[in-house]
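Chemist: need coordinates for the following:
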Amino acid sequence: MNRTNRLTSLFATKKQDILNIYVTAGYPRGEDTVRVVTDIARAGADIVELGMPYSDPLADGETIQESSRHALKQGLTLHNIFDMVRAIRRESEVPLVLMGYVNQVMQYGIEAFVAACVESGVDGLIIPDLPAEVYREEYHDLFTRANLGISFLVTPQTSSERISMLANLSSAFLYVVSSSAITGGTGGISPEQIAYFQSVAKHAGDTPKLIGFGISDKDTFATACSYAEGAIIGSAFIRELGKRGPGEAASFVRSILS
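Modeler: Model (predicted):
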């Protein structure tokens, strides 16, 4: 399939300080998502990671879990999310990544899901509970034909050999988990984490790396960007969205980049 992948284009032209903002689809309200995404893209977010709310998230902290529960109570579906992506694409070319879980994709039907990603304008996927070996054996060709990127996660417990393997499979970027805890921490970056980031950089080759989990402000973003091409901010943004409302989403991004 001959289509341009916006993530590929981004990483070809920007090598540092890449800001990925996580947005829970349907939070605070379904009608807010398109505005939030387009506003933060205009404010300077390089990538938007659109979370697909799920009833049993494995890798999400309480802030994102609560935002997902809130969206699900409003009846949000994957069909609604693809409609949101289409609406975003009418206003913005920001690279979009969907983050969700295997059961969501399989219930939709993986071929139908990939086709909907392509048709609506999704550039990549993060599926934390999809085993890399299963992806490699069963889905790699499907994703390649669709020019749909995928990102795998590494943690401080991931071996050097497996880091290399996951980096090679990650056609979007390598998601570097800053600790083995769930998302949402605000404790900053420790010397042990810095040593880990350096090890990942050594073994990941040329695959772009984005650091996530616990990145919450300008300082932690800048520190993370010293050891990777960029960073992902999720829980901190969702907290601000809940406190200050969708109209202030862009100001959060500007505070990170100022």
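
Chemist: what pLDDT does the residue of the chain positioned farthest from its centre get?
Modeler: For the chain, the residue at maximal distance from the C-alpha centroid (CA atoms, centre = their mean) is Pro191, at 24.9 Å. Pro191 is assigned a predicted lDDT (pLDDT) of 82.

Chemist: then Asp83?
Modeler: 99.

Chemist: likewise Ala181?
Modeler: Looking at Ala181, its pLDDT reads 49.

Chemist: equivalent analysis for Ile194, please.
Modeler: 82.

Chemist: before we move on, what about the one 3 residues further on?
Modeler: What the model reports as pLDDT for Phe197 is 91.

Chemist: over to Ser170?
Modeler: Here the pLDDT value assigned to Ser170 is 99.

Chemist: thought it was touching Ile150?
Modeler: Yes. Shown here, Ser170 and Ile150 form a contact pair, counting by CB atoms under 8 Å, at 6.5 Å. No exception for glycine: its C-beta is placed from N, CA and C like everyone else's.

Chemist: relative to Leu169, how far out is the residue farthest from the centre of the chain?
Modeler: Pro191 sits 29 Å away from Leu169 when distances are taken as CB to CB, to the nearest Å.

Chemist: one more: Ser68?
Modeler: 27 Å.

Chemist: who has more neighbours, those two?
Modeler: Ser68 (24 against 18; other CB atoms under 10 Å).

Chemist: element containing the more buried one?
Modeler: Using DSSP states H and E, the element containing Ser68 is helix 62-73.

Chemist: hmm, who's touching that helix?
Modeler: Helix 62-73 has contacts (CB atoms under 8 Å, 6 or more residues apart in numbering) with 22, 24-28, 30, 51, 53-55, 57, 60, 183-184, 234-235, 238-239, 241-242.

Chemist: where's that helix relative to the chain centroid, distance-wise?
Modeler: With CA atoms, centre = their mean, to the nearest Å as the basis, helix 62-73 stands 17 Å off its chain's centre.

Chemist: residue numbering should commence at 34 henceforth.
Modeler: Understood, numbering begins at 34; the last thing we discussed is helix 95-106.

Chemist: how far off helix 95-106 does the helix or strand following it point, in degrees?
Modeler: Using DSSP H and E, the next helix or strand after helix 95-106 towards the C-terminus is helix 111-122. For helix 111-122 against helix 95-106, the angle by axes from the mean of the first three to the mean of the last three CA atoms, to 10 degrees is 110 degrees.
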